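Peer 1: Build the 3D model from these lines:
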Amino acid sequence: MTFSETQIRKLRRRPSHKYIKTRESDGREFQYLEGWHTIAEANRIFGYDAWNRHTVWFDCVWRQAVGTKFAAAYLARVRIVVRTDRHQVIREGSGAGEAIASTPGQAHELAAKAAETDATKRALSTFGSPFGLSLYAKPEKDLQTEPSSKTEFSSEADVVPPEKPIQPRVNGHAVKTVAKASAHRPDTIDKSKLTLPEPKRIRDRCHLKMVAAQPCLICGRTQSQAHHLKFAQPKAMGRKVSDQFAVPLCVGHHREIHAYGDEKQWWQKQKINPLDAARTLWLKTARGLDAAADPIGAAFRN
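Peer 2: Numbering: from 1, shown residues only. Take a look at the predicted model:
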């Protein structure tokens, strides 16, 4: 056996939820582990002096000036070598990285580092769950299409047949119980019906995919990304604006607008009204509803 039993147990263990991050790309949400964490896990499982990382090659595949900034994109391939008592285990992985910065040197440096880190994570993920391999698996609720007919308990004393609920008794007489009022409450509350209504934040993955399939509003490039117009709705803790306020931007312009800061001013410089473009795209998803029959269109007119 190449690895020790202790190492194998660690390689089968899923990463803690606090280290799992999420990001959005092309209208889809992905889970990932940060590069520093995967390297720390490699040191913990394999040992600080028992593994090496070699960058086999990397190449700049794109570079361009974006307004007053510079952007670059790199591809890289990394080889991981893990040494055991008798063998060496070699794995490789490829990755990509892109960056936008105020100088060409910074853009190339950040993009090259991102590609190398991405390739390192992909190579390490082939060793097991703690490096992110388990993130590719479907959630258990998706895999289990039918409820299990058996339930595991720690002991027979834990088993309470659901068809025979325990009836409370007082002085030997059964006491009728009243169901909790919370059982009759709706699962969700429509906050738009409150006295001080909260703007609806609609989530529609199909719409975001359709937006990402459109050409960039600025340069017309394809393979765009769905950008949410942050100023379209009031800010909310950890929540994006509704998906109806999404417009297509290429990778370069998407990074540029996030780096610019003042999004309204950025759109004014481009001489484009993004709200009009977002509403036009939303009406396509709304299956041809005209402006008068579109109940959500009022949000664009406010």
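Peer 1: in what helix or strand does the residue nearest to Trp57 when sequence neighbours are not counted lie?
Peer 2: Nearest in space to Trp57, with sequence neighbours left out and distances taken as CB to CB, 6 or more residues apart in numbering, is Arg77 at 5.4 Å. Quick note: C-beta positions are derived from backbone N, CA and C, even for glycine. Element membership of Arg77, judged by DSSP states H and E, is strand 69-83.
Peer 1: what mean pLDDT does stretch 74-92 have?
Peer 2: In this model, stretch 74-92 carries a mean pLDDT of 92.
Peer 1: so how far is Tyr136 from Trp282?
Peer 2: Relative to Tyr136, Trp282 is positioned 32 Å away (CB to CB, to the nearest Å).
Peer 1: and the helix or strand hosting Ala259, what other elements does it pack with?
Peer 2: Element membership for Ala259 (DSSP H and E) is helix 251-260. Contact here means 3 or more CB pairs under 8 Å, 6 or more residues apart in numbering; DSSP states H and E; on that basis helix 251-260 packs against strand 51-66, strand 69-83, strand 88-101, strand 225-228, helix 263-270.
Peer 1: correct me, but Lys246 touches His207?
Peer 2: Check again: residue 246 is Ala, not Lys. Yes: between Ala246 and His207 there is a contact at 7.1 Å, judged by CB atoms under 8 Å.
Peer 1: Find residues that contact each of these two.
Peer 2: Gly27, Leu281 (CB atoms under 8 Å, 6 or more residues apart in numbering).
Peer 1: When these two are compared, which one has more neighbours?
Peer 2: The residue with more neighbours, out of Ala246 and His207 and counting by other CB atoms under 10 Å, is Ala246; that gives 27 against 20.
Peer 1: which residues touch the more buried one?
Peer 2: Gly27, His207, Leu208, Val211, Ala226, His227, His228, Leu229, Ala278, Leu281.
Peer 1: same check, this time on His37
Peer 2: Contacts of His37 (CB under 8 Å, 6+ apart): Pro15, Tyr19.
Peer 1: Which strand or helix spans it?
Peer 2: Using DSSP H and E, His37 falls in helix 35-46.
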